[in-house]
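Visitor: sequence first, then the predicted structure, then my questions.
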Amino acid sequence: MKILAVDYGDARTGLAVCDRTEFLSTPLEQIEEKSMVKVAEKVAQVSQEQQAGMIVIGLPRNMDGTEGGRAAKTRKMGGILAEKTEIPVRFWDERRTTVTAAAQLSEAGTFGKKRKAKLDSVSAAVILDSFLAWRKNHPDEEPETN
């Protein structure tokens with residue numbers, strides 16, 4: 001199944017999608033939008049275009065596992081998105097994904113404006129890779145839904 005991953009942010013939202021075999025994840029164009037509702041609408045549109053069967057949203061938890069204000073905003077956006085699409089919306093722990101994505105871009109020699117234009121979507125790909133690895137090792141389990 002194709003899965004769309006979302007790294008939701010206040011100004012930029014990164015997107016990535018995997019192939020139907022759930023093996024390869026690919027960053028997509030970022031959404032440059034501040035309105036939560038408009039972001040949800042655009043994500044729903046991309047999920048249709050990509051024929052995604054599930055949407056996974058990175059949930060920003062604190063390093064101790066607790067949730068703060070950023071997680072609350074992400075859950076709210078996920079709720080709006082769930083109303084706008086008929087496919088399952090799941091949350092996935094995104095701790096340290098931006099650090100991992102930044103390291104990947106540094107290794108590839110991507111800096112400055114080019115890095116800013118790709119960071120959130122590469123973060124979404126890191127979220128998706130983590131989710132796919134978990135899914136492969138837990139075939140009979142469902143991830144968190146709320």
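Guide: The structure has been received and is ready for your questions. Numbering: from 1, shown residues only.
Visitor: now tell me which helix or strand of this structure has the poorest mean pLDDT.
Guide: Here the helix or strand of the chain ranked lowest by mean pLDDT, DSSP states H and E is helix 97-107, holding a mean of 59.
Visitor: isn't there a helix covering Trp134?
Guide: Yes. If the criterion is DSSP: H, G, I helix; E, B strand; the rest coil, then Trp134 is within a helix.
Visitor: so it sits right up against Leu128, yeah?
Guide: No. Applying Cβ atoms under 8 Å as the test, Trp134 and Leu128 come out as separate, 10.7 Å apart. The way it works is simple: take the backbone N, C-alpha and C, and place the C-beta from them, glycine included.
Visitor: the two: which is more packed in?
Guide: More neighbours sit around Leu128 than around the other of Trp134 and Leu128, counting by other Cβ atoms under 10 Å; the figures are 28 against 13.
Visitor: who's in contact with that one?
Guide: For Leu128, the contacting residues are Ile3, Ala5, Ala16, Val17, Cys18, Ser25, Val56, by Cβ atoms under 8 Å, 6 or more residues apart in numbering.
Visitor: quick one: it from Gly14, how far?
Guide: Taking Cβ to Cβ, to the nearest Å as the measure, Leu128 and Gly14 are separated by 10 Å.
Visitor: residue ranges of the strands in this protein, please?
Guide: Counting by DSSP state E, the segments of the chain that form strands are 3-7, 12-18, 25-27, 31-32, 54-59, 89-93.
Visitor: want to throw the ones you listed into CSV with mean pLDDT?
Guide: Formatted as CSV, the entries for those read as follows, by pLDDT from 0 to 100:
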stretch, mean pLDDT
strand 3-7, 96
strand 12-18, 95
strand 25-27, 92
strand 31-32, 94
strand 54-59, 94
strand 89-93, 91
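Visitor: and the ones you listed as TSV, adding distance to Ser47?
Guide: Listed next are the strands of the chain as TSV, based on distance: least, Cβ to Cβ, whole Å:
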stretch	distance to Ser47
strand 3-7	5
strand 12-18	9
strand 25-27	15
strand 31-32	12
strand 54-59	6
strand 89-93	9
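Visitor: so for Glu141, which of those sits nearest?
Guide: Put simply, out of those the one that sits nearest Glu141 is strand 89-93, at 11.5 Å, with distance taken as Cβ to Cβ.
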